[in-house]
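Novice: Structure for this input, please:
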Amino acid sequence: MDDDKKLSELLKEWQLPSAPASLDVRVLGPRKPWWNLLFTGSIRIPVPVALALAATVIVMAVALLHRPPAPPAASVNLADFQPVKDMHVRVIRRSE
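Specialist: Down below sits the predicted model:
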C-alpha cells in the first residue's frame with residue numbers, strides 16, 4: 001500500500017522528453033491543406049452498398065426518362081374579352 005503511494009508520487013513528478021518535430025512528418029506524413037482532400041480524397045464503401053446505390057440511381061433515372069409528359073398549362077382565351085364599360089377612378093392622396 002505504501003509502495004503505491006510512492007509510485008503515484010514518482011509518476012506525478014516524471015517528465016517525458018518532448019518528441020522531435022520530425023516525428024509528426026514521419027508518422028503522419030506532410031501536412032496538406034484541408035481543401036486538398038476534396039480533390040484527392042477517397043471514401044471506402046463496401047461493394048454491396050455501392051451496387052445498391054448504383055441500382056437506385058439507375059432506377060430513378062429510368063423512371064424520370066419514362067415519365068409521361070405533364071399536361072399543358074391551362075390556356076387563356078381572350079376572344080371574348082370586353083373592356084370595362086363604366087370605370088370609376090378614385091384618387092386618394094396620402095396624408096402626411
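
Novice: Could you list the low-confidence segments of the chain?
Specialist: In the predicted model of the chain, residues 1-2, 96 satisfy pLDDT under 70.

Novice: If we use 90, what do you get?
Specialist: Scanning the chain for pLDDT under 90 picks out 1-43, 64-96.

Novice: now the residue most central in space within it, what's its secondary structure?
Specialist: Taking Cα atoms, centre = their mean, the centroid of the chain lies closest to Leu38, which sits 12.8 Å from it. Counting by DSSP: H, G, I helix; E, B strand; the rest coil, the backbone at Leu38 sits in helix.

Novice: so how far is Pro72 from it?
Specialist: 43 Å (Cβ to Cβ, to the nearest Å). For glycine as for every other residue, the C-beta is placed from the backbone atoms N, C-alpha and C.

Novice: State which helix of this protein is the longest.
Specialist: helix 47-65 (DSSP state H).

Novice: That helix: which residues count as buried?
Specialist: Residues of helix 47-65 classed as buried by neighbour count (16 or more other Cβ atoms under 10 Å): none.
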